[in-house]
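**Q** next input, structure requested:
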Amino acid sequence: MFVAIYDPQQQVYGVPDYIHGMESAMLNVDATRFRRKYYKNGAHLGYILYSTDPDMDPELEAEFRKKIEASKGAGNFKSMFINIPGGDKEGVKVIPIGDSGTKDEFLNIKTISAQDQLVAHRFPPGLAGIIPANTAGLGDPLKSREAYYRDEVIPMRRLIMEGINSDPDIRRLGEVKFILDFDEPME
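**A** From the prediction side, this is the model:
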């Protein structure tokens, strides 16, 4: 049995109501994979080795460059060697690119995409055990449960019941009847 949900672009299959949350779910996965690569690669591997030695042998410079560029792991950060003869007064400097203090938006992406998932499924954070960041607590879980039951569970039951009962092949086997009252005991 298939229960079609309204879609203004086509009327055959419908679109699941959670579809808008798919992009957030994929962003969440991408952020996690990026962070895993970041740590797997080793934050110490993302750097620029800067040298100012005017007497460096070109063969030694080429060897430095080759070794450092070959040190890239499976991650996102690559290291490089630069020699600028007679440059800065410091002979050799390591300039980190991928250190643990990298300012990315990982936490914000994870938080917002998790909220988007709850919104996509229209599920109260308190019932999911998630404490909202902008409030002191979960709120009243009984009120959340009652509102979720009344606003989400009952309409979904109605949709499924109507889908089953409107199918002529299934209807021959009998009619499905769900309790659609809000006064149903919630135990």
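**Q** A strand includes residue 55, no?
**A** No. Read with DSSP: H, G, I helix; E, B strand; the rest coil, residue 55 is coil and lies in no strand.
**Q** where do the domain boundaries of the chain fall?
**A** For the chain, automatic domain parsing gives the domain ranges 41-96, 132-187.
**Q** just checking, what packs against the biggest helix by length in the chain?
**A** For the chain, the helix with the greatest residue count under DSSP state H is helix 22-41. Counting contacts by 3 or more Cβ pairs under 8 Å, 6 or more residues apart in numbering; DSSP states H and E, helix 22-41 packs against helix 106-120. C-beta coordinates here come from the backbone N, C-alpha and C atoms, glycine included.
**Q** mind checking how far the residue nearest the centre of the chain is from residue 163?
**A** Centroid-nearest residue in the chain: residue 28, 0.8 Å away (criterion: Cα atoms, centre = their mean). Look at residue 28 and residue 163: by Cβ to Cβ, to the nearest Å, they are 31 Å apart.
**Q** now residue 182
**A** 21 Å.
**Q** comparing the two, which residue is more hemmed in?
**A** residue 163 (15 against 12; other Cβ atoms under 10 Å).
**Q** these two touch, right, that one and residue 14?
**A** No. Contact status for residue 163 versus residue 14: not in contact, 10.8 Å apart, counting by Cβ atoms under 8 Å.
**Q** joint contacts of the two?
**A** Listed contacts common to residue 163 and residue 14 are residue 3; contacts here mean Cβ atoms under 8 Å, 6 or more residues apart in numbering.
**Q** my read is residue 94 is in a strand, agree?
**A** Yes. Assessed by three-state DSSP, residue 94 belongs to a strand.
**Q** thinking it is in contact with residue 49, fair?
**A** Yes. Applying Cβ under 8 Å, one finds residue 94 in contact with residue 49, separated by 5.9 Å.
**Q** looking at the two, which is more packed in?
**A** residue 49 (17 against 10).
**Q** surely the more buried one is in a helix?
**A** No. Assigned with three-state DSSP, residue 49 falls outside any helix and is strand.
**Q** from residue 176, how far out is it?
**A** 70 Å.
**Q** try residue 114
**A** 35 Å.
**Q** tell me which residues in stretch 157-165 are buried?
**A** 161, 164 (16 or more other Cβ atoms under 10 Å).
**Q** burial count for residue 122?
**A** 12.
**Q** so it makes contact with residue 152?
**A** Yes. The criterion here is Cβ under 8 Å, and residue 122 meets it with residue 152 at 5.6 Å.
**Q** would you map the helices across the protein?
**A** Using DSSP H, helices in the chain cover 22-41, 58-69, 106-120, 141-148, 154-165, 168-171.
**Q** dump the ones you listed into CSV; add mean pLDDT as well.
**A** Below are the helices of the chain laid out as CSV (pLDDT from 0 to 100):
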stretch, mean pLDDT
helix 22-41, 86
helix 58-69, 82
helix 106-120, 87
helix 141-148, 88
helix 154-165, 90
helix 168-171, 86
